[in-house]
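> Show me how the following folds:
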Amino acid sequence: MLNSDQTEIDLPPTHSESESIFSDCGGGRTGSVEDAGGVGLCAQSRIAESGEAVKKDLQHLSREERRRRRRATAKYRTAHATRERIRVEAFNMAFAELRKLLPTLPPDKKLSKIEILRLAICYISYLNHVLDV
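Modelled structure (predicted):
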């Protein structure tokens, strides 16, 4: 996970960036030797230059803008959704455990979260009263 000062540089180039990379080299065909990936040397150097340009663009942004851009990535959203799902599951499990400790008739009656909290408050007050007497 990145801290607030770090930026995520590995953003994929947009379609228009890749078109301009290849159009400057004659549509990707320069007559030079192409590597196994099919990208010519000219295109490789343009990609490296665009990566450096992205770094420079991100350096002049404010901390808040870098944070916004980082949060806009699919990787960040997926991680956030996973953390939120784990948090909600833990929250619901805690309510289920609290519900098991509260006496109700019938014992398996379904209660909302607010009803569980209100019943817990009343039950704790009752137990305090029993201990004081």
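> quick one: which helix or strand includes Y123?
If you go by DSSP states H and E, Y123 is part of helix 113-132.
> What part of this structure, helix or strand, is modelled with the least confidence?
Each helix and strand of the chain was given a mean pLDDT (mean pLDDT, DSSP states H and E); the minimum falls on helix 15-23 at a mean of 44.
> Quick check: longest helix in the protein by residues?
Using DSSP state H, we find that the single longest helix of the chain is helix 74-101.
> and that one, what does it pack onto?
Applying 3 or more C-beta pairs under 8 Å, 6 or more residues apart in numbering; DSSP states H and E, one finds that helix 74-101 contacts helix 63-71, helix 113-132. C-beta: built from backbone N, CA, C; applies to glycine.
> can you rerun that using 6 Å?
helix 113-132 (3 or more C-beta pairs under 6 Å, 6 or more residues apart in numbering; DSSP states H and E).
> Can you check what angle separates the longest helix of the chain from helix 63-71?
If you take axes from the mean of the first three to the mean of the last three C-alpha atoms, to 10 degrees, helix 74-101 sits at 80 degrees to helix 63-71.
> average pLDDT across helix 74-101?
Average pLDDT, helix 74-101: 95.
> Could I get the buried residue list for it?
Buried residues in helix 74-101, counted by 16 or more other C-beta atoms under 10 Å: 98-99.
> what do you get for stretch 109-118?
For stretch 109-118, by 16+ other C-beta under 10 Å, it's I116.
> Stretch 105-114: end-to-end distance?
17 Å (C-alpha to C-alpha, to the nearest Å).
> Show which residues not belonging to it make contact with it.
F95 (C-beta atoms under 6 Å, 6 or more residues apart in numbering).
> Swap in 8 Å and give it another go.
Stretch 105-114 is contacted from outside by 95, 99, 104, 119, using C-beta atoms under 8 Å, 6 or more residues apart in numbering.
> Same list, those residues, but as TSV with distance to R67 please.
What follows is these, written out as TSV (distance: C-beta to C-beta, whole Å):
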residue	distance to R67
F95	32
R99	39
T104	46
L119	41
